[in-house]
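1. Would you be able to build a 3D model of this:
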Amino acid sequence: MAPQVTDRTFERLGQDEQVYGLVAEDADGRLLGLMNLVFHPSTWSAVGYCYIEDLYVSPQARGHKVSEKLFEQAYRLAEARGSDRVYWMTQEYNAPARSLYDKIGRRSSFIVYTR
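-> Below you'll find the predicted structure:
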């Protein structure tokens with residue numbers, strides 16, 4: 001990814017109400033994980049949706065419920081903002097992530113295309 005994209009993303013995380021970042025830290029303030037949310041309007045909703053665009057948990061924190069806590073916070077934030085839906089995508093072969101997602105969400109029937 002181009003450095004200017006990363007720079008712009010961090011700018012937006014600090015000032016844009018449509019792009020929102022969550023972090024998980026341990027008791028000593030070390031970063032355990034992060035999640036980026038994008039709030040957006042939808043033609044199928046009067047209030048809009050929350051898209052989880054990024055989720056990362058450090059390897060040493062995996063298996064310790066960090067992802068689940070980040071999802072819980074995302075759900076609370078989306079509810080507080082009135083979002084009708086929280087959704088995310090993952091790659092089909094990402095079995096570790098999918099095993100979690102199968103527990104905390106519902107798989108939709110949509111197939112994603114890109115160009």
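
2. who's in contact with the nearest residue to residue 37 once chain neighbours are set aside?
-> Nearest non-adjacent residue to residue 37, counting by CB to CB, 6 or more residues apart in numbering: residue 20, 4.5 Å away. Bear in mind the C-beta positions are built from the backbone N, C-alpha and C, glycine included. Counting by CB atoms under 8 Å, 6 or more residues apart in numbering, residue 20 makes contact with 13, 36-39, 77.

3. May I ask which of those has the most neighbours?
-> residue 37 (26 neighbours; other CB atoms under 10 Å).

4. picking that back up, turn the contacts of residue 20 into CSV, columns for secondary structure, pLDDT and distance to residue 66.
-> Formatted as CSV, these follow (DSSP: H, G, I helix; E, B strand; the rest coil; pLDDT from 0 to 100; distance: CB to CB, whole Å):
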residue, secondary structure, pLDDT, distance to residue 66
13, helix, 76, 19
36, strand, 94, 15
37, strand, 95, 16
38, strand, 95, 21
39, strand, 96, 22
77, helix, 95, 17
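
5. and which of those residues is nearest to residue 90?
-> residue 36 (14.3 Å; CB to CB).

6. for stretch 58-74, the distance to its chain's centre please.
-> Stretch 58-74 has its C-alpha centroid displaced from the chain centroid by 11 Å (CA atoms, centre = their mean, to the nearest Å).
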